[in-house]
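Student: Requesting a structural model of the entry that follows:
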Amino acid sequence: MGQRKVDELREKSVEELIRMLNDINEEYMKFVRLIRSGGAPEKPGKVKAMKKMRARILTILSEKGVKL
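Tutor: The predicted structure is shown next:
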């Protein structure tokens with residue numbers, strides 16, 4: 001992910017970022033349930049990418065002064 005994507009995230013409104021965060025959390029929890037049940041995700045790299053995106057969104061929200 002380049003600087004361009006981070007800049008695009010910073011341009012989004014707080015509501016959009018929170019909606020994105022909720023979507024990522026739901027998808028991540030599906031992966032966690034799959035892994036705990038003994039399965040393996042089709043794309044293991046996607047789990048890592050979701051964690052990074054979640055961290056980026058949380059960082060931007062905290063920069064904007066939003067407490068979650």
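Student: Quick check on the residue lying farthest from the centre of the chain: phi, psi?
Tutor: The C-alpha centroid of the chain is most remote from residue 38, which lies 23.4 Å away (CA atoms, centre = their mean). Per-residue torsions, residue 38: phi 100, psi 0 (degrees, to the nearest 10).
Student: and what of residue 65?
Tutor: Torsion angles, degrees, to the nearest 10, at residue 65: phi 90, psi 20.
Student: what about it, neighbour count?
Tutor: 7 (other CB atoms under 10 Å). All C-beta atoms are positioned from the backbone trio N, CA, C, and that covers glycine.
Student: Which residue is the nearest non-sequential neighbour of residue 41?
Tutor: Take residue 41 and drop its neighbours on the chain: the residue closest to it by CB to CB, 6 or more residues apart in numbering is residue 31, 5.4 Å away.
Student: looking at it, residue 64 is touching residue 13, isn't it?
Tutor: No. With contact defined as CB atoms under 8 Å, residue 64 and residue 13 do not form a contacting pair (9.4 Å).
Student: and residue 35, what does it touch?
Tutor: Applying CB atoms under 8 Å, 6 or more residues apart in numbering, we find residue 35 in contact with residue 41.
Student: what helix or strand does it sit in?
Tutor: Secondary structure assignment for residue 35, by DSSP states H and E: helix 14-36.
Student: What average pLDDT does that helix get?
Tutor: Averaged across helix 14-36, the pLDDT comes to 93.
Student: Could you check it and say which residues are buried?
Tutor: By 16 or more other CB atoms under 10 Å, the buried positions in helix 14-36 come out as 17, 20-21, 24, 28, 31.
Student: before we move on, the earlier item: which neighbours do residue 64 and residue 13 share?
Tutor: Counting by CB under 8 Å, 6+ apart, residue 64 and residue 13 have no common neighbour.
Student: Between these two, point out the one with more neighbours.
Tutor: residue 64 (12 against 9).
Student: Do I have it right that residue 18 meets residue 58?
Tutor: No. Using CB under 8 Å, residue 18 is not in contact with residue 58, being 10.4 Å away.
Student: any shared contact partners between those two?
Tutor: Taking CB under 8 Å, 6+ apart as the contact rule, residue 18 and residue 58 both touch residue 68.
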